[in-house]
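Visitor: For reference, the sequence and a predicted model appear below.
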Amino acid sequence: MSDLTGVLNIYKEKGYTSSDAVSVVRKILGRVKAGHTGTLDPQAEGVLPVCVGRATKIADYIGGEKRYRAELVLGVTTDTDDLTGKVLTESPVDIGMGLLEETALSFLGKSMQTPPMYSAIKIGGKKLYELARAGKTADRAPREINIFLISVKGYDETAHTAILDVECSKGTYIRSLCADIGRALGCGGCMGGLARTRSGPFLIENSVTLGKLGAYAEAGRIYELLHPIEDVLKYRAVSAPAGYEKQIVNGAPFRASDGGAGGGELVFVYVNGSNIGVYAREGDWYKPRVMLNGA
């Protein structure tokens, strides 16, 4: 299956790391190139887009909003900001639904969020969770995030747990959001369960488990699950100007002859009907960003 190229909408089950899931995909598909578009914690489940073949080259371009359903546990803080970590504090909770909703809504919009120590971000060549497991800490620069939607879908005032629906920008840590909400309420909080229900154009209702992926592969139907690069990114198509095909196939820039959107617009460039890469409009020129015509 070495000719496979596209993006799979994988349902990552609990217990797998994102890297584990990608390794299983590689094994099922015959050791093809594969990589995910954004880490999902081992205890979390849900949508994990996995790029296959030449689509691995555009993994960083598959962004878009993320949507999660998270369990918020009030009255408990941990060193990982979720229930897998060491409990740091336990506090009484006297929070009603009204105050909880009001506080959650206060996190709407743009803000700065400090990534948790237990995360896959690298500092000095080391992943933060590796440093944390060694009992070390590192300075983490806050990052801008954007919460587009947050709503409380249910609240158990006896168990002090709530279910949150959150739609947010790429790079948002829901564990940190839960801890921040608990802090704002004065009782502390952390995340319980987590499911990613959307990642960019990929929805949880259309995702497939690794088991189902294996069954499709055995039946020779894997192409039915692959989303073509063009369907995922939906960039405008631009044809290479006549006479410059050879140079453009080799990654040469070329002068724009269309109106276009300008200002860094990303487009797919086609040569003789084949998509050879992602180019960016810069002034009067199209310049290569990612070439897709190689191995």
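Guide: The structure has been received and is ready for your questions.

Visitor: where does the stretch 101-250 of the chain dip in pLDDT?
Guide: Counting by pLDDT under 70, the stretch 101-250 of the chain contains low-confidence ranges at 124-125, 131-132.

Visitor: ok, the closest residue to Thr5 other than its chain neighbours - contacts?
Guide: Of all residues not flanking Thr5 in the chain, Gly53 sits nearest, at 3.5 Å (Cβ to Cβ, 6 or more residues apart in numbering). C-beta coordinates here come from the backbone N, C-alpha and C atoms, glycine included. Neighbouring residues of Gly53 by Cβ atoms under 8 Å, 6 or more residues apart in numbering: 2-6, 32-33.

Visitor: Which two of those residues have the greatest separation?
Guide: Farthest-apart pair in these is Ser2 and Gly6; separation 13.4 Å (Cβ to Cβ).

Visitor: Who has more neighbours out of those two?
Guide: Gly6 (20 against 11; other Cβ atoms under 10 Å).

Visitor: Find the residue closest to that one in space, skipping its chain neighbours.
Guide: Per Cβ to Cβ, 6+ apart, closest to Gly6 is Leu226, 3.3 Å.

Visitor: For Gly277, see how far away that neighbour is.
Guide: As judged by Cβ to Cβ, to the nearest Å, Leu226 and Gly277 stand 19 Å apart.

Visitor: who does the strand of greatest length in the chain touch, helix- and strand-wise?
Guide: In the chain, with assignment by DSSP state E, the single longest strand is strand 143-156. Judged by 3 or more Cβ pairs under 8 Å, 6 or more residues apart in numbering; DSSP states H and E, the packing partners of strand 143-156 are helix 97-105, strand 109-113, strand 161-168.

Visitor: List the pairing partners of it within its sheet, with orientation.
Guide: strand 109-113 (antiparallel), strand 161-168 (antiparallel) (DSSP bridges).

Visitor: could you show me where the helices are in the protein, in order?
Guide: Ranges of helices in the chain, per DSSP state H, are 18-29, 97-105, 128-133, 174-185, 210-218, 229-233, 245-249.

Visitor: circling back: out of the strands paired with strand 143-156, which gets nearest to Ala134?
Guide: With respect to Ala134, and counting by Cβ to Cβ, the nearest of the strands paired with strand 143-156 is strand 109-113 at 23.9 Å.

Visitor: ok, and what's touching that closest one?
Guide: Identification of contacts with strand 109-113 by Cβ under 8 Å, 6+ apart yields 142-147, 172-173, 176-177, 180.

Visitor: Apply 7 Å and report the result again.
Guide: 142-147, 172-173, 176 (Cβ atoms under 7 Å, 6 or more residues apart in numbering).
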